[in-house]
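>>> Predicted model and sequence follow; I will ask about them next.
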Amino acid sequence: MPTPLAAPLTLPCGATLRNRIAKSAMSEDLADAGGAPGERLSRLYARWGAGGAGLLITGNVMIDRTALGEAGNVVIEDDRNLEALARMAAAGKAGGAAVWPQINHPGRQTPRFLARVPVAPSAVPLTLSGAVFAPPRALESAEISELITRFGRAAGICRRAGFDGVQIHGAHGYLVSQFLSPLTNLRTDDWGGDPERRRRFLIGIVRAMRAEVGPGFPIGVKLNSADFQRGGFDEEESMAVVVALEAEGVDLLEISGGTYERPATSGTIRQTRASTLAREAFFLEYARKVRARTRMPLLLTGGFRTRAGMESALTEGPDGRGAVDMIGLARPLAQEPELARGLLDGSVSESRVRPRRTGFTQLDSLLEITWYSYQIHRIGNGKEPAPGVSPWWVLAKMVWRALASRRAAPPLHPRRDIHPSA
């Protein structure tokens with residue numbers, strides 16, 4: 001019997017994805033000093049593109065080179081990196097996958113060594129160590145409008161570079177997520193004060209992108225089910241955002257959750273219903289609720305490890321449609337870049353990835369992040385993943401690399417407005 005994972009998916013805009021497996025975004029941190037994707041990113045996406053997935057969503061592509069989440073983020077401000085972007089797109093598409101850049105702005109989640117004064121909807125600092133993240137300043141209304149324009153411009157450049165779609169990162173505590181949350185958006189103007197005005201920034205980005213790319217080019221959104229903080233963005237508000245996104249013609253909604261302050265997939269937060277645990281996915285119960293409210297195609301990422309669990313999420317529902325339309329895989333593909341092909345042809349029934357744990361949640365989270373990042377860098381360098389390497393050795397190596405990069409980094413830009421004329 002053919003697996004439902006192999007069925008193509010036609011999106012509302014008319015574009016078709018060849019199967020139901022997506023490589024979800026992971027930070028690659030492999031761009032050059034000018035924010036351009038180089039040979040390592042092209043090599044990485046060529047490998048993933050040949051691995052069988054129908055959709056590849058890239059790591060963060062930032063819209064402002066002075067607002068980065070990591071020093072090695074790809075940046076799209078204008079056409080200066082167009083040729084390099086085109087090479088990356090072609091490399092990922094060569095194996096038949098669609099490639100969508102994930103367009104993002106970190107807001108207050110910009111490390112201090114990359115920005116002395118990050119921007120945010122309101123001047124609400126992260127509760128994490130001040131040694132890592134500086135307190136942000138509140139954006140002015142004109143700056144917010146300019147940011148929306150930048151998101152739209154980046155989407156248009158992605159289309160000209162040959163990418164097949166784009167995804168807006170509206171989750172995990174980055175800028176769009178900051179606008180959506182009543183904890184981080186304390187504004188009382190046109191951009192905050194109630195749920196409708198808090199989502200105006202995201203809706204404005206969708207409209208700006210659509211104006212740039214036209215009706216037949218896919219636009220996706222990654223959205224938190226909740227940020228898991230008392231008084232923050234919750235499921236009720238998230239559902240209202242979903243309904244608004246469908247009305248705007250969004251083509252694919254990826255469901256996630258959590259923020260830097262409260263990561264939902266690191267082991268600190270787990271849904272407790274036995275049915276959810278049996279099916280592996282962290283946000284499956286929320287996906288079922290979303291399915292009852294929208295016909296927008298849904299992508300679910302987080303926790304999937306077995307073909308049986310993935311197939312169940314795609315098919316188990318009252319109408320046979322299942323809770324979701326696509327399965328997102330991230331960390332397993334850093335270790336097993338050909339996993340999707342094995343799941344599709346039946347030669348593989350589950351991922352072999354089983355991260356080593358110490359039992360200390362925050363430490364485990366850090367070890368996992370650095371360990372998978374190391375595997376991504378190996379693939380980008382033309383090497384095979386190294387499953388047997390010690391996570392402690394990897395952590396030491398990555399810290400040394402970060403310190404070396406910081407010493408070699410150019411001086412920080414002085415604080416400035418984000419307008420192009422500045």
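Looks like it came in fine.
>>> So Pro12, which state does it fall into?
Of the three states, Pro12 takes coil under DSSP: H, G, I helix; E, B strand; the rest coil.
>>> wait, what's in contact with it?
Gly249, Val250, Asp251, Met296, Pro297 (C-beta atoms under 8 Å, 6 or more residues apart in numbering). (C-beta placed from N, C-alpha, C; glycine too.)
>>> was I right about Lys23 contacting Tyr45?
No: contact criterion C-beta atoms under 8 Å: Lys23 and Tyr45 do not qualify, at 9.1 Å.
>>> Spit out the residues that contact these two alike.
Leu56.
>>> Which one (most neighbours) among the contacts of Pro12?
Comparing the contacts of Pro12 on neighbour count, Val250 comes out first with 28 neighbours (neighbours: other C-beta atoms under 10 Å).
>>> That residue is in contact with Gly220, isn't it?
Yes: with contacts counted by C-beta under 8 Å, Val250 reaches Gly220, the gap being 6.8 Å.
>>> is it true that Leu223 lies in a strand?
Yes: residue state for Leu223 (three-state DSSP) corresponds to a strand.
>>> which residues of the stretch 251-400 of the chain fall in strands?
Per DSSP state E, counting those that start in this stretch, the stretch 251-400 of the chain carries strands over the ranges 252-256, 298-301, 326-329.
>>> Can I get those in a markdown table including mean neighbour count?
Listed next are the strands of the stretch 251-400 of the chain as a markdown table, based on neighbours: other C-beta atoms under 10 Å:
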| stretch | mean neighbour count |
| --- | --- |
| strand 252-256 | 27 |
| strand 298-301 | 26 |
| strand 326-329 | 26 |
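>>> closest one to Leu82 among the ones you listed?
Ranking these by proximity to Leu82 (C-beta to C-beta) places strand 252-256 first, at 24.8 Å.
>>> just how off-centre is that closest one within its chain?
The chain centroid and the centroid of strand 252-256 are separated by 10 Å under C-alpha atoms, centre = their mean, to the nearest Å.
>>> likewise stretch 184-200?
Its chain's average C-alpha position is 23 Å from that of stretch 184-200, according to C-alpha atoms, centre = their mean.
>>> Buried ones in that stretch, by neighbour count?
Thr184, Asn185, Arg187, Trp191, Gly192, Pro195, Arg197, Arg198, Arg199, Arg200 (16 or more other C-beta atoms under 10 Å).
>>> Contacts made by it with the rest, please.
Under C-beta under 8 Å, 6+ apart, the answer for stretch 184-200 is 108, 120-122, 124, 138, 141, 144, 173, 177-182, 201, 232, 237, 240-241, 244.
>>> Any of these buried? List them.
For the contacts of stretch 184-200, buried by 16+ other C-beta under 10 Å: 108, 120-122, 124, 138, 144, 173, 177-182, 201, 232, 237, 241, 244.
>>> Helices of this protein, start to end?
Assigned by DSSP state H, the helices in the chain fall at 39-49, 82-93, 141-161, 175-180, 195-198, 200-213, 235-247, 274-278, 284-291, 307-315, 331-335, 339-345, 361-380, 391-408.
>>> Next, the distance between the ends of stretch 17-29.
27 Å (C-alpha to C-alpha, to the nearest Å).
>>> residues contacting Pro37?
So, once contact is read as C-beta under 8 Å, 6+ apart, Pro37 ends up touching Leu30, Ala31, Val74, Asn81, Ala84, Leu85, Arg87, Met88.
>>> Going by distance to Gly303, which of these wins?
Using C-beta to C-beta, Leu30 comes nearest to Gly303 of the contacts of Pro37, at 25.7 Å.
>>> And that closest one, what's its pLDDT?
At Leu30, the predicted lDDT confidence score is 96.
>>> Quick check: it touching Ser42?
No: Leu30 lies out of contact with Ser42 (C-beta under 8 Å); the separation is 9.8 Å.
>>> These two - which one has more neighbours?
Leu30 (24 against 20).
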